[in-house]
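[1] here is a sequence with its predicted model. Questions after.
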Amino acid sequence: MNAVIEGVVMGLTATIVMDIWALVLRQVAGMPLPNWAMVGRWTGHLPRGTVFHDDIAASDPVANELALGWATHYVVGILYGVFFAVVAGAAWLAEPTFFPVWVYAILTIGAGWFLLQPGLGLGVALSKTPNPMKGRIMGLIAHTWFGIGLWLGALAA
């Protein structure tokens, strides 16, 4: 199997694992699920030239924003998987180990902290939210689950 296809499997698996983690958190701890509609709204505003919003909820809605948000979530997850698979190469894909893919998964939170969250009006690394540290820690845990999913996807591919 080539690296791109294996990367797609990795990214898809990882995103599903991350979503399962969110469902577990909702069931066990009553945590709200991610609001993918707001991510869709943000994505829908990008072609209009608006990257950063003061409050994405106050921005004009876009057509099918919930579906667009889910699609964005999965496309980004798959792209992360493909990028890692291509960079890691055939040797790692033949014998995937957890540590490199976990470090990579943790690093991917940077896109959320420095692009998506400020874009939604939440500030750099959630700095404008009531409890930024809780959100950061929860994000690191979620990205650890993403890393577990990348690794499981690599083992399965």
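    All right, it came through fine. Numbers count the residues shown, from 1 in each chain.
[2] so where's this structure uncertain?
    Judged against pLDDT under 70, the chain has no low-scoring part.
[3] can you give me the helices in it?
    Taking DSSP state H as the test, the helices found in the chain are 3-29, 36-45, 65-94, 98-107, 109-111, 117-120, 132-156.
[4] out of those helices, nearest to Asp55?
    Taking C-beta to C-beta, helix 117-120 is the member of those nearest to Asp55, at 8.1 Å. Bear in mind the C-beta positions are built from the backbone N, C-alpha and C, glycine included.
[5] what's the closest of the helices of the chain to Ala57?
    Nearest of the helices of the chain (C-beta to C-beta): helix 36-45, 6.5 Å.
[6] could you pull out the buried residues of stretch 69-86?
    Buried residues in stretch 69-86, counted by 16 or more other C-beta atoms under 10 Å: 69-70, 72-74, 76-78, 80-85.
[7] can I get it in PDB? Just the C-alpha atoms.
    Taking Å, rounded to 0.1, in the frame of the first residue of the first chain, the C-alpha atoms of stretch 69-86 are listed here in PDB:
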ATOM      1  CA  GLY A  69     -17.700  21.700   9.700                       C
ATOM      2  CA  TRP A  70     -17.800  18.000   9.900                       C
ATOM      3  CA  ALA A  71     -16.200  17.800   6.400                       C
ATOM      4  CA  THR A  72     -13.500  20.200   7.500                       C
ATOM      5  CA  HIS A  73     -12.800  18.100  10.600                       C
ATOM      6  CA  TYR A  74     -12.400  14.900   8.600                       C
ATOM      7  CA  VAL A  75     -10.400  16.500   5.700                       C
ATOM      8  CA  VAL A  76      -7.900  18.000   8.100                       C
ATOM      9  CA  GLY A  77      -7.600  14.800  10.000                       C
ATOM     10  CA  ILE A  78      -7.000  12.900   6.800                       C
ATOM     11  CA  LEU A  79      -4.500  15.500   5.600                       C
ATOM     12  CA  TYR A  80      -2.600  15.100   8.900                       C
ATOM     13  CA  GLY A  81      -2.500  11.400   8.400                       C
ATOM     14  CA  VAL A  82      -1.200  11.700   4.800                       C
ATOM     15  CA  PHE A  83       1.400  14.200   5.700                       C
ATOM     16  CA  PHE A  84       2.800  12.000   8.500                       C
ATOM     17  CA  ALA A  85       2.800   8.900   6.400                       C
ATOM     18  CA  VAL A  86       4.600  10.600   3.600                       C
END
